[in-house]
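Participant: Provide a 3D model corresponding to the input given below.
(2 chains)
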There are 2 protein chains.
Amino acid sequence: MFSVKSVVIIGSGNVATHLGTAFLKNGIDIKGVFSTTLDHAQELAEKLKTKAFASITDIPKDADAYLLAISDWALSETVRQLPSVDGIVMHTSGSIGLGIFSGTIKRAAVFYPLQTFSKNKQVDLSLVPILIESDDTEIVESLKELGNKFSEHIKEVDSHQRKQLHLAAVFACNFSNYMYYIAQDLLQEKGLDFNLIKPLIKETAKKLDTLSPRAAQTGPAIRRDMKTLNRHLERLNKHPEYQEIYHLISEQIQNLKD
Amino acid sequence: MFSVKSVVIIGSGNVATHLGTAFLKNGIDIKGVFSTTLDHAQELAEKLKTKAFASITDIPKDADAYLLAISDWALSETVRQLPSVDGIVMHTSGSIGLGIFSGTIKRAAVFYPLQTFSKNKQVDLSLVPILIESDDTEIVESLKELGNKFSEHIKEVDSHQRKQLHLAAVFACNFSNYMYYIAQDLLQEKGLDFNLIKPLIKETAKKLDTLSPRAAQTGPAIRRDMKTLNRHLERLNKHPEYQEIYHLISEQIQNLKD
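Facilitator: Below you'll find the predicted structure:
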């Protein structure tokens, strides 16, 4: 099996930073960083003890792999501009298939970390599932080995499954976070500390270790407690947008089958 | 100050069980359990090493406090049936005020644990905020002392604040859990393991230790990535109810101010 020992990082955002750091820590030679904003490339290059490149044509051509950790919308143009290389070219997107590489890239793959990354927030990558895809089984094996250096959850999934995982992640992560946002907004309005509700938020997530989401569902909607539901809707009368969410989700929870 | 040393538990559900167990562990004398279903009362009484009562008129009249851990809709009728007692009578509801006791109860209070309790799921009560209310400051002090025995987060809040906390909790807990439910449903549909997404769910909750929900918001909606949003809506075409939620929440996230 071919081992990935060197990587060039394309991009300088959260995914580039977290994966680049994990590669470096695990003895991978980071041969350089390219980003359309040179300042950002330089900042990340410094963190990763490597060089920044101002032009994509200047990046080292002899790396074992090229990590494209950039926005979905920038992928196809970046793939077009990428110099011809023999190394594995992999993107990190949940919602883009392998087709984006077709024709131009010899050894194409996906290396998708299923996690929410924010700037200046450390993440324990050992717990982060890395979802790998390639048409070439040798590449899959190489990337499994690479991912195994820092994550305990490496899994091969096809584009269809990865897209479904990404969609599910939007609900489980992005939309849950928006529920936290609303909670904070409502508490702030009455001078209440958001910290009061954090143990509840953590327990709600932790419950899934032992209960299914269906079994863990509590609250007035699942109890079909119409009095409380109506009082809550009334209490939200200055927030029609939250009222709409409250109404829609409560209705669906009430319709859950036992 | 008057110390609560003995309690009668009215109710046999999750709140009654978790609080009763915490009282017992901390040396409170549990003088008995009453529940409208005698079987349930007996089951909990056994756990709490005490007696079950088949009729509310038979409960001990000399306890220092009476914990009404029952459904909101049952509160006013139970208060009506409660024998005349000198001890503190406290309910555990987030959305009911002190008014429910008016006229009939001499020493009334609220003892509301801000947490989601499920059967057979242990909860670390030391992290659970206990929200206390009474018109009588001496009662507030007694209940603070009682709560302090097992929780590190005792707080006096008025009915208005408690109701707002309860409403915020519905978003932060009940609605987040429904987002997990949808995620699981979507994964199951494609034969994918729900465990794959659990690290993401935990990290989303954990992020709040260092970031505000606004700063922690990630995903296609906050990036205003219309291509992904539209692809996701299309992918949900067999789930019009999830589509509706996806559309509504994404729209609101897109409108978030920086």
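Participant: Please count neighbours and contacts with C-alpha atoms only from this point.
Facilitator: OK.
Participant: ok, A:H91 touching A:I105?
Facilitator: No. Under the criterion of Cα atoms under 8 Å, A:H91 makes no contact with A:I105, lying 11.7 Å away.
Participant: and those two? which has more neighbours close in?
Facilitator: A:H91 (27 against 20; other Cα atoms under 10 Å in any protein chain shown).
Participant: Which secondary structure elements does the helix or strand containing A:F111 sit against?
Facilitator: Assigned by DSSP states H and E, A:F111 belongs to strand A:108-113. Applying 3 or more Cα pairs under 8 Å, 6 or more residues apart in numbering or on different chains; DSSP states H and E, one finds that strand A:108-113 contacts strand A:88-91, strand A:130-133, helix A:137-148.
Participant: Would you mind saying which of the ones you listed lies nearest chain B?
Facilitator: Evaluated over the helices and strands packed on strand A:108-113, closeness to chain B peaks at strand A:130-133, with 9.6 Å, by Cα to the nearest Cα.
Participant: would you list every one of the strands in the stretch 51-200 of chain A?
Facilitator: For the stretch 51-200 of chain A, applying DSSP state E, counting those that start in this stretch gives strands covering A:52-53, A:65-68, A:88-91, A:108-113, A:130-133, A:154-156.
Participant: Would you map out the domains in chain A?
Facilitator: A:6-157, A:163-254 (automatic domain parsing).
Participant: Next, count neighbours for the closest residue to A:S76 other than its chain neighbours.
Facilitator: In this structure, A:S76 finds its nearest non-sequential neighbour in A:I100, 6.1 Å apart by Cα to Cα, 6 or more residues apart in numbering or on different chains. Neighbour count for A:I100, taken as other Cα under 10 Å: 16.
Participant: what does the model give A:I100 for pLDDT?
Facilitator: Predicted confidence (pLDDT) for A:I100: 95.
Participant: residues touching it, list them.
Facilitator: Neighbouring residues of A:I100 by Cα atoms under 8 Å, 6 or more residues apart in numbering or on different chains: A:L75, A:S76, A:V79.
Participant: again, only using 10 Å
Facilitator: Applying Cα atoms under 10 Å, 6 or more residues apart in numbering or on different chains, we find A:I100 in contact with A:L75, A:S76, A:E77, A:V79, A:R80, A:H91, A:A108.
Participant: Kindly reformat the strands of the stretch 51-200 of chain A as a markdown table containing mean pLDDT and distance to B:G219.
Facilitator: Listed next are the strands of the stretch 51-200 of chain A as a markdown table, based on pLDDT from 0 to 100; distance: least, Cα to Cα, whole Å:
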| stretch | mean pLDDT | distance to B:G219 |
| --- | --- | --- |
| strand A:52-53 | 97 | 27 |
| strand A:65-68 | 98 | 18 |
| strand A:88-91 | 98 | 17 |
| strand A:108-113 | 97 | 14 |
| strand A:130-133 | 96 | 18 |
| strand A:154-156 | 95 | 22 |
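Participant: Redo those as CSV? Include distance to A:L211.
Facilitator: Shown next, in CSV, are the strands of the stretch 51-200 of chain A (distance: least, Cα to Cα, whole Å):
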stretch, distance to A:L211
strand A:52-53, 47
strand A:65-68, 37
strand A:88-91, 34
strand A:108-113, 25
strand A:130-133, 25
strand A:154-156, 24
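Participant: Looking at the ones you listed, which is nearest to A:I201?
Facilitator: Closest approach to A:I201 among the strands of the stretch 51-200 of chain A is made by strand A:108-113 (23.6 Å; Cα to Cα).
Participant: Next, the buried residues of stretch A:24-41.
Facilitator: By 16 or more other Cα atoms under 10 Å in any protein chain shown, the buried positions in stretch A:24-41 come out as A:L24, A:I28, A:D29, A:I30, A:K31, A:G32, A:V33, A:F34, A:S35, A:L38, A:H40, A:A41.
Participant: Restricted to strands, list those.
Facilitator: A:D29, A:I30, A:K31, A:G32, A:V33, A:F34 (DSSP state E).
Participant: isn't the fifth one right up against A:G13?
Facilitator: No. Judged on Cα atoms under 10 Å, A:V33 makes no contact with A:G13 at a distance of 11.3 Å.
Participant: of all the residues in the stretch 1-150 of chain A, which ones are close to chain B?
Facilitator: A:71-73, A:94-96, A:113-131 (Cα under 10 Å from any Cα of the partner chain).
Participant: Quick check: ChimeraX command selecting the buried ones in the residues you listed.
Facilitator: Buried residues among these (16+ other Cα under 10 Å), as a ChimeraX selection:
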select /A:72,94,95,96,113,114,115,116,117,118,123,125,126,127,128,129,130,131
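Participant: out of the residues of the stretch 1-150 of chain A next to chain B, which are inside helices?
Facilitator: Counting by DSSP state H, the residues of the stretch 1-150 of chain A next to chain B place A:D72, A:W73 in helices.
Participant: what's the nearest residue to the residue nearest the centre of chain A if we skip its chain neighbours?
Facilitator: The centre of chain A sits closest to A:Q115, judged by Cα atoms, centre = their mean, with a distance of 3.8 Å. In space, and not counting its chain neighbours, A:Q115 is closest to B:L200: 5.2 Å by Cα to Cα, 6+ apart.
Participant: show me the contacts for A:K206.
Facilitator: Contact partners of A:K206, counting by Cα under 10 Å, 6+ apart, are A:L200, B:V123, B:K198, B:I201, B:K202, B:A205.
Participant: Grab the nearest non-local neighbour of the fifth one.
Facilitator: Closest residue to B:K202 apart from its sequence neighbours, by Cα to Cα, 6+ apart: A:A205 at 5.7 Å.
Participant: Next, the angle from the helix or strand in which the one you found is found to helix B:198-206.
Facilitator: Per DSSP H and E, A:A205 falls inside helix A:198-206. Interaxial angle, helix A:198-206 versus helix B:198-206 (axes from the mean of the first three to the mean of the last three Cα atoms, to 10 degrees): 170 degrees.
Participant: returning to what we had before: and which of the ones in strands among the buried residues of stretch A:24-41 is nearest chain B?
Facilitator: Distances from chain B to these, taken as Cα to the nearest Cα, are shortest for A:F34 (21.6 Å).
Participant: Show the pLDDT at that closest one.
Facilitator: 98.
Participant: got the contact list for it?
Facilitator: For A:F34, the contact set (Cα under 10 Å, 6+ apart) comprises A:8-12, A:40-42, A:44-45, A:51-59, A:68.
Participant: Cheers, nothing more for now.
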